[in-house]
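[1] I'll drop the sequence and a predicted model, then ask my questions.
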Amino acid sequence: MALMWNRTVDWDAGDWRRDAACRNTEPDLFFPVGTTGPAVEQIEAAKRVCRSCEAQDPCLDFALATNQESGVWGGTSEEERRKLRRAWLAARRSAASSAGTVGSVAPVTLRR
Ligand code: SF4
């Protein structure tokens, strides 16, 4: 059985990176080491930047679609995104099941 991956999410739509509030910040801020101690404040600082970002929704969509496991993306921490991704995958499976297709469904957008 061949494994195939087909890209069904157009994460470059709208060129959202151009609007990213983090473009002019220190990249390390968004990739704290760990999730406790000093990392807690770092994660919150990164989320504050995300809350002011016009690209928050497409950024989160990208992170979910490409399974970005590390760092703060779209205003979410790694743990928050793991939960969202489970729900996102379930929504995609449900959409594929409803459409009677597998692997060829329209993008599913999940909002927090
Ligand atoms: S939502 Fe956060 S991580 Fe995503 S582009 Fe905006 S500032 Fe950067």
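    Arrived safely, thanks for sending.
[2] Which of the helices or strands spans the residue nearest the centre of the chain?
    Centroid-nearest residue in the chain: residue 63, 2.4 Å away (criterion: CA atoms, centre = their mean). Element membership for residue 63 (DSSP states H and E) is helix 56-65.
[3] for that helix, packing partners?
    With contacts taken as 3 or more CB pairs under 8 Å, 6 or more residues apart in numbering; DSSP states H and E, helix 56-65 sits against helix 78-99. (Each C-beta comes from the backbone N, C-alpha and C, glycine too.)
[4] Only the C-alpha atoms, please, for the helix it packs on, written as CSV.
    The C-alpha trace of helix 78-99 is given here as CSV (Å, rounded to 0.1, in the frame of the first residue of the first chain):
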residue,chain,number,x,y,z
GLU,A,78,2.3,23.6,21.9
GLU,A,79,-0.1,21.9,24.3
GLU,A,80,-3.1,24.1,23.2
ARG,A,81,-2.3,23.3,19.6
ARG,A,82,-2.1,19.5,20.2
LYS,A,83,-5.7,19.7,21.5
LEU,A,84,-6.8,21.9,18.6
ARG,A,85,-5.1,19.6,16.1
ARG,A,86,-7.0,16.6,17.3
ALA,A,87,-10.3,18.5,16.8
TRP,A,88,-9.1,19.8,13.5
LEU,A,89,-8.2,16.3,12.3
ALA,A,90,-11.6,15.0,13.5
ALA,A,91,-13.4,17.8,11.6
ARG,A,92,-11.5,16.9,8.4
ARG,A,93,-12.3,13.2,8.8
SER,A,94,-15.9,14.1,9.3
ALA,A,95,-15.9,16.3,6.3
ALA,A,96,-14.3,13.6,4.2
SER,A,97,-16.8,11.0,5.4
SER,A,98,-19.7,13.3,4.6
ALA,A,99,-18.3,14.0,1.2
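[5] Any buried residues in it, and which?
    Neighbour counts over helix 78-99 (16 or more other CB atoms under 10 Å) mark 78, 80-81, 84-85, 88, 92, 96 as buried.
[6] Now do the contacts for the residue nearest to residue 51 when sequence neighbours are not counted.
    Sequence neighbours aside, residue 75 is the residue nearest to residue 51 in space, at 6.0 Å (criterion: CB to CB, 6 or more residues apart in numbering). Shown in contact with residue 75 (CB atoms under 8 Å, 6 or more residues apart in numbering): 47, 50-51, 53, 56, 60, 112.
[7] Alright, calling it a day.
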